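> Turn this into a model:
(one chain, ligands or ions: 1)
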Amino acid sequence: MKLEQQAARSNAPLLLTPGPLTTSESVKAVMMVDHGTWDDEYKKMTQHIRRQLLELASAEASDFSAVLLQGSGTYGVEATLETIPKDSSATLLIAINGAYGQRMSEIADRIGVKHLDLIFDETEPVDLDKVSDFVTVHPEITHFAVVHGETTTGILNPIETLIPAMVDRNIVTIVDAMSTFGGIPINVNQLNVDYLISSSNKCVQGVPGFSFVIANVHQLTQTAGNARSLSLDLYDQWRCFEDHDGKWRFTSPTHVVYAFEQALLELKQEGGVAKRYQRYSENEARLRQRMVAAGFTPILTPTVQSPVITSFKYPSESFRFRDFYLYLKERGFIIYPGKVSKMNSFRIGNIGEIYPTDIDRLVDLIQAYVSEPVQS
Ligand SMILES: *Cc1c(COP(=O)(O)O)cnc(C)c1O
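Below you'll find the model as predicted:
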């Protein structure tokens with residue numbers, strides 16, 4: 001990290017969480033100006049963001065379109081599931097190995113999309129053979145949804161094989177790439193995925209406020225009128241951007257959009273997704289290696305571990321996460337509780353404006369804590 005950057009950093013703790021995450025001072029700074037939504041400059045910037053998202057996704061502009069949507073990532077997921085017909089003509093298969101896959105199932109229940117859930121262990125990736133076998137015995141399946149990086153554990157699901165296999169069977173595909181897009185290279189053209197969803201506050205390193213969907217326009221075109229929600233109608237949202245030169249439908253989070261444009265610029269300056277992936281991977285490798293040396297056990301095997309977030313088991317029966325959390329918070333780091341259902345765990349995020357030197361400072365503190373627990 002540049003020295004000026006370090007000096008400019010406020011005294012607020014670093015967020016070692018998977019979004020909201022620690023953003024740069026320069027991303028935060030652009031939010032100090034108020035902007036109107038009808039402004040031509042703002043509409044132009046919105047169009048610029050949409051084009052850049054396609055570039056980041058390696059998505060051909062003739063086949064794909066980026067649709068931005070107010071709200072957190074879940075809003076983008078729900079709007080995408082709203083594109084699915086709510087009658088017996090469609091059945092959605094959801095491959096689940098964590099809380100975010102489970103959330104898609106809950107959304108499908110709420111909005112009345114017929115669905116089948118294929119559940120995997122939280123510490124195992126979604127398995128292509130099992131999904132293929134399942135689809136073979138359920139020819140009624142028309143749509144398939146999976147999470148790329150399950151933030152529940154930090155596991156990475158093999159979308160590179162899963163999605164093309166589903167596309168071969170003429171199944172419409174949906175990927176929740178919330179916690180990976182911008183931080184792990186994804187080639188939408190190659191995958192030929194129909195809907196890829198992410199949000200402003202994850203690996204692009206913007207602040208929370210909107211989600212976005214990279215949608216196959218040939219697919220999206222066929223979904224007019226499918227949504228039963230007005231504000232979560234992805235088709236209508238898309239048409240507004242297309243028909244009105246980048247105008248958002250309803251009030252948009254202007255400050256957040258400006259911050260996102262700055263975050264995209266900084267992603268480019270860092271060297272693009274490949275370079276950011278490298279930095280996150282270095283953070284993760286350093287974290288895991290040093291935590292193991294300090295006596296902690298990661299939940300995942302390294303081959304399925306993403307660079308996004310790492311889960312560790314509690315080191316002992318007497319370990320108190322709350323004390324540990326407060327100890328680290330007082331010393332400048334916010335970590336994350338665990339979400340794995342079958343064991344006690346906690347998580348440490350590697351994404352955001354975080355560098356290996358930050359990881360070193362963190363693990364030094366953790367080492368001191370485990371060798372002599374400090375009461376906060
Ligand atoms: C963050 C995240 C979401 C969206 O969560 P929100 O709280 O709605 O932003 C969805 N899926 C995954 C995998 C995530 O990491």
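> in this structure, which ranges drop under the pLDDT threshold?
Scanning the chain for pLDDT under 70 picks out the ranges 1-10, 373-376.
> interface residues of it facing the ligand?
Applying CB under 6 Å from any ligand atom, we find that the chain lies next to the ligand at 18-19, 72-74, 100, 147, 151, 176, 178-179, 199. No exception for glycine: its C-beta is placed from N, CA and C like everyone else's.
> again, only using 5 Å
Counting by CB under 5 Å from any ligand atom, the chain comes close to the ligand at 72-74, 100, 147, 151, 176, 178-179.
> Just the buried residues of the longest helix along the chain, please?
If each helix of the chain is counted by residues according to DSSP state H, the longest one is helix 272-293. Taking 16 or more other CB atoms under 10 Å as the neighbour-count basis, helix 272-293 is seen to contain the buried residues 273, 276-277, 279-281, 283-288, 290-291.
> Pick out whichever of those sits closest to the ligand.
Checking the buried residues of helix 272-293 against the ligand with CB to the nearest ligand atom, the nearest one is Y280 at 14.0 Å.
> Distance check, the closest one against Q190.
With distances defined as CB to CB, to the nearest Å, the gap from Y280 to Q190 amounts to 21 Å.
> and what of T254?
T254 sits 34 Å away from Q190, taking CB to CB as the criterion.
> More neighbours: which of these two?
The neighbour count for T254 versus Q190, taken as other CB atoms under 10 Å, is higher for T254 (20 against 12).
> right, and that one touches M45 too?
No. Contact criterion CB atoms under 8 Å: T254 and M45 do not qualify, at 9.8 Å.
> the helices in the stretch 251-376 of the chain, which residues?
Listed from the start of the chain, the stretch 251-376 of the chain has helices (DSSP state H, counting those that start in this stretch) covering 254-270, 272-293, 321-330, 356-371.
> Just put the ones you listed in CSV and tack on distance to T136.
Formatted as CSV, the entries for these read as follows, by distance: least, CB to CB, whole Å:
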stretch, distance to T136
helix 254-270, 41
helix 272-293, 35
helix 321-330, 43
helix 356-371, 45
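> quick one, phi psi at the nearest residue to S58 once chain neighbours are set aside?
In space, S58 comes closest to N187 once its chain neighbours are excluded; the distance is 4.3 Å by CB to CB, 6 or more residues apart in numbering. N187 has phi and psi values of phi -110, psi 100 when expressed as degrees, to the nearest 10.
> And for the one 3 residues further on?
For Q190, the backbone dihedrals (degrees, to the nearest 10) come out as phi -70, psi -40.
> Let me know how buried the nearest residue to it once chain neighbours are set aside is, in neighbour terms.
In space, not counting the residues next to it along the chain, Q190 is nearest to S58; the distance is 7.2 Å by CB to CB, 6+ apart. By other CB under 10 Å, 16 other residues sit near S58.
> residues in contact with S58?
186-190 (CB atoms under 8 Å, 6 or more residues apart in numbering).
> With A263 instead?
By CB under 8 Å, 6+ apart, the contact list for A263 reads 23-24, 27, 200, 204-206.
> for G209, same thing?
70, 200-201, 253, 255-257.
> Take these and lay them out in JSON lines including neighbour count and distance to P356.
What follows is the contacts of G209, written out as JSON lines (neighbours: other CB atoms under 10 Å; distance: CB to CB, whole Å):
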{"residue": "Q70", "neighbour count": "20", "distance to P356": "35"}
{"residue": "S200", "neighbour count": "25", "distance to P356": "25"}
{"residue": "N201", "neighbour count": "26", "distance to P356": "22"}
{"residue": "P253", "neighbour count": "20", "distance to P356": "32"}
{"residue": "H255", "neighbour count": "17", "distance to P356": "31"}
{"residue": "V256", "neighbour count": "19", "distance to P356": "29"}
{"residue": "V257", "neighbour count": "24", "distance to P356": "31"}
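> that older thread, run the chain-centre distance for the longest helix of the chain.
What separates the centre of helix 272-293 from the centre of its chain is 17 Å, taken as CA atoms, centre = their mean, to the nearest Å.
> Repeat that for stretch 289-303.
Computed by CA atoms, centre = their mean, the separation of stretch 289-303 from the middle of its chain amounts to 23 Å.
> K342 and V207, how far apart?
From K342 across to V207, the span is 34 Å (CB to CB).
> These two: who's more crowded?
When neighbours are counted by other CB under 10 Å, V207 comes out ahead of the other of K342 and V207, with 21 against 9.
> and the residue nearest to the more buried one when sequence neighbours are not counted, what does it touch?
Counting by CB to CB, 6+ apart, V207 lies nearest to A259, which is 5.1 Å off, once chain neighbours are set aside. Counting by CB under 8 Å, 6+ apart, A259 touches 23, 27-28, 30-31, 200, 206-207.
> ok, of these, which one's closest to the ligand?
Within these, proximity to the ligand (CB to the nearest ligand atom) peaks at S200, which comes in at 9.2 Å.
> can I assume the closest one is in contact with F210?
Yes. Taking contact to mean CB under 8 Å, the distance of 5.0 Å between S200 and F210 places them in contact.
> tell me, what's touching those two both at once?
Between them, S200 and F210 share the contacting residues 256, 260, judged by CB under 8 Å, 6+ apart.
> follow-up on the earlier one: going by neighbour count, which of the contacts of A259 comes out on top?
If you rank the contacts of A259 by neighbour count (other CB under 10 Å), G206 sits at the top with 29 neighbours.
> could you say which helix or strand contains it?
G206 is part of no helix or strand, with elements assigned from DSSP states H and E.
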